[in-house]
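Novice: kindly generate the corresponding structure for this input.
(2 chains)
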Amino acid sequence: MPYDIVVCVKQVPDTANITAQAMKEDGTINRSALPAIFNPEDLHALELGLEIRDRYGGRVTALSMGPPKAAEVLRDCLYRGADRTILLTDRRAAASDTLATSYILSQAIRTIGRYDLVLCGRQAIDGDTAQVGPQCAEKLGIPQITYVEQLIGIDGRTVRVRRNVGRGWEVVEGRLPLLMTVIDTANKPRPPSAKRMMRYKRARAEAELAAQARQSLRDVSAEQRQAELKRQAEALRSQGLLIEQWDLDDIDADLSRCGLAGSPTKVFRVQGIVLTKEGYTQIPPTEEGIRRLIHELVVDRTLG
Amino acid sequence: MIRVNRQGEVWVFAEQEDGSLHDVALELCGKARDLADRLGVKLGVVLAGQGVCRLAGRLISYGADHVYVVEHDRLASYQTGPYARVLCHLIRKYEPQIVLYGATSLGRDLAPRVASEMRAGMTADCTDLEIQDVVDPRTGQLHEKLMLQIRPAFGGNIVATIVNYDQWPQMATVREGVMPLKEPQDGRPGKVIRESVELDETLLALRLIERHVEPRKVNLKAARVIVAGGGGVGSKEDFQLIHELAGAIGGAVGASRAAVDSGFIGKEHQVGQTGTTVRPALYIAAGISGAVQHRAGMEESAKIIAINTDPEAPIFSVAHYGIVGDLKKVIPMMVKAIKEKR
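Specialist: Predicted coordinates for the structure are as follows:
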């Protein structure tokens, strides 16, 4: 039987490859100097969704919340096989913590309407919190299965998976609908397909068209620009190349639960980790040097 | 969320499995004791499960004033639904100002679910907690004695301090092994409070088919001394040197991710952000360059000796003693010097 699958994906700064250029004088990070990538574990969630669809039929909708630029990861989802993409972008959603983010995503998923499975990567590499998945499940009132490392199968409304519990694993069964968070050992994400890249490389969200128009149509009136934007969006829609774009009104969100206002946790301070070069005792790599070191450790009771 | 309740207790969720307490529960008791004393309130511990009441005494000896015990058939093995219900019920009833969980697989499954239902703040994977007065820079309002929730972010490249002004309780998961385990005090007074929580069957959403958990064979966290090798050791054969030094010194063997990925030693020995976080009395890092992910897991060690051929290796930035040299020569010298001392 076919399944409706929603995969939540996020565009993140590539924190694994932070270079000296990306560090500001005060030790904070210049986000714009970092390449923006598809959050690694979300790729595994997408792959799991595509595998389920390929095996049982159904539809994969990729949902991303972020600035207009986040449409890039949705295009990537199209290249890899997603059936539908939705960009949730709204300035009023900026500075959302995990609670506000999960509220917004859950409202978007409710707006999508039908879903059997919601899939998320376990965590995003910019925050490493692993909270948005479980919080989303709670908001939707559905069970969660965290740290999924293998899909064993789906039989009607019953899904069976293996989850990693740190020092081992367990096999559990749950009834759909439910939310699963996926870890990086679950599968090997398929690469973008060349054929789909040709087909979807022109896919755009309206916010991207608007940004383009601000550059290329600088000299025309606002009304003319709006009309041109509308024309372009319609043209893309008719070719199946429009990345759907929603804002907080489209998902009927309570604004007091979004953005900074809806975020209980606030960043009070951020410090870069500065490598301190002071203060270690050089020990010469000689028998005498090492003997003295061991002696010192015995005297100060570190050893013994 | 609950109201800002400054008389509220500081709480710890006591993770247990098959009737034995997880170390992190005891580590958290020590830290929570400090926070509670600073705030002048009691320390409460939530102990949920089946047949777990006998663990209460141990929690009291580690600092608990109150142990809230909830026993139920449906809590026999962990599942998100019933455990989240227990926490939310008790939080609504007692209005604690702080709730701490271990940042274990279980804690990170449970805590966000509770936070979402309570619509309260939750900070993941803290490495330190402090109490401090904070002025909200946007409103200029002074908030007295808030919990500062300190955690690495951005792949360990920055340290962020998070606060929760008014959507209480202030909740956090705390990384295993970073809070020192305090000495238990036998005969400390404390009260066991039995609570009953309605848990209907629908909360048990999942069916456990099979479970396989490895006993923790390598106990890096309990080791007083750790000798760790990295990619610079060069080969599995040469990694024997690390074992020899650990044997001579009476320590445990640790490793960096590079050593594990190269197959020199098993993953259970890995120290660092994706492995175990340790804070032994002595940490010897041999052939470990000291990537930020590794340093995050060991820099709290009381004494650190770094051995590396590269004088620019970042490991030296956290070391107390640095030996610039070839570990294949240095380690045998160390083994010899230790044997002379014994």
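Novice: ok, A:Ala227 - how many residues close by?
Specialist: Using other CB atoms under 10 Å in any protein chain shown, A:Ala227 has 12 neighbouring residues. In short, each C-beta sits where N, CA and C put it, glycine included.
Novice: residue contacts, residue 185?
Specialist: You didn't say which chain, so I picked chain A. Shown in contact with A:Thr185 (CB atoms under 8 Å, 6 or more residues apart in numbering or on different chains): A:149, A:164.
Novice: ah, no, chain B please
Specialist: B:Ser61.
Novice: quickly find the element holding it.
Specialist: For B:Gln185, there is no helix or strand it lies in under DSSP states H and E.
Novice: against B:Glu15, how distant is it?
Specialist: To B:Glu15, B:Gln185 is 22 Å away according to CB to CB, to the nearest Å.
Novice: kindly report the same for B:Gly40.
Specialist: Note on B:Gly40: its distance to B:Glu15, by CB to CB, is 27 Å.
Novice: which of those two has more residues huddled nearby?
Specialist: Higher neighbour count among B:Gly40 and B:Glu15: B:Glu15, with 23 against 9, using other CB under 10 Å.
Novice: per-residue pLDDT of that one, please?
Specialist: pLDDT, B:Glu15: 97.
Novice: that one and B:Thr277, how far apart?
Specialist: Per CB to CB, B:Glu15 is found 16 Å from B:Thr277.
Novice: so which residues on the stretch 51-200 of chain A come close to chain B?
Specialist: Within the stretch 51-200 of chain A, the positions near chain B by CB under 8 Å from any CB of the partner chain are A:97-99, A:102, A:125-135, A:137-139, A:143-147, A:160, A:164-175, A:178.
Novice: so which of these belong to strands?
Specialist: A:144-147, A:160, A:164, A:168-175, A:178 (DSSP state E).
Novice: tell me where the stretch 1-150 of chain B has helices.
Specialist: B:23-39, B:56-61, B:80-94, B:105-118 (DSSP state H, counting those that start in this stretch).
Novice: show residues contacting the first one.
Specialist: With CB under 8 Å, 6+ apart as the test, helix B:23-39 has contacts from B:6, B:9-16, B:42-43, B:45, B:58-59, B:62-65, B:97-98, B:100-104, B:107, B:129, B:131, B:145, B:147, B:174, B:176-182, B:184, B:221.
Novice: could you export that helix as CSV, CA atoms only?
Specialist: What follows is helix B:23-39, C-alpha atoms only, in CSV (Å, rounded to 0.1, in the frame of the first residue of the first chain):
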residue,chain,number,x,y,z
ASP,B,23,26.3,6.8,36.3
VAL,B,24,25.1,10.1,34.8
ALA,B,25,22.2,10.2,37.3
LEU,B,26,24.8,10.2,40.2
GLU,B,27,27.0,12.8,38.4
LEU,B,28,23.9,15.0,38.0
CYS,B,29,23.1,14.7,41.7
GLY,B,30,26.4,16.2,42.6
LYS,B,31,26.0,19.1,40.2
ALA,B,32,22.3,19.6,41.1
ARG,B,33,23.3,19.6,44.8
ASP,B,34,25.6,22.6,44.2
LEU,B,35,22.9,24.4,42.2
ALA,B,36,20.2,23.7,44.9
ASP,B,37,22.5,25.0,47.6
ARG,B,38,23.3,28.1,45.7
LEU,B,39,19.5,28.7,45.3
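Novice: returning to what we had before: in PyMOL, select just the buried ones from the ones in strands among the residues of the stretch 51-200 of chain A next to chain B.
Specialist: Of these, the buried ones can be selected in PyMOL as follows, counting by 16 or more other CB atoms under 10 Å in any protein chain shown:
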select buried, chain A and resi 144+145+146+147+160+164+169+170+171+172+173+174+178
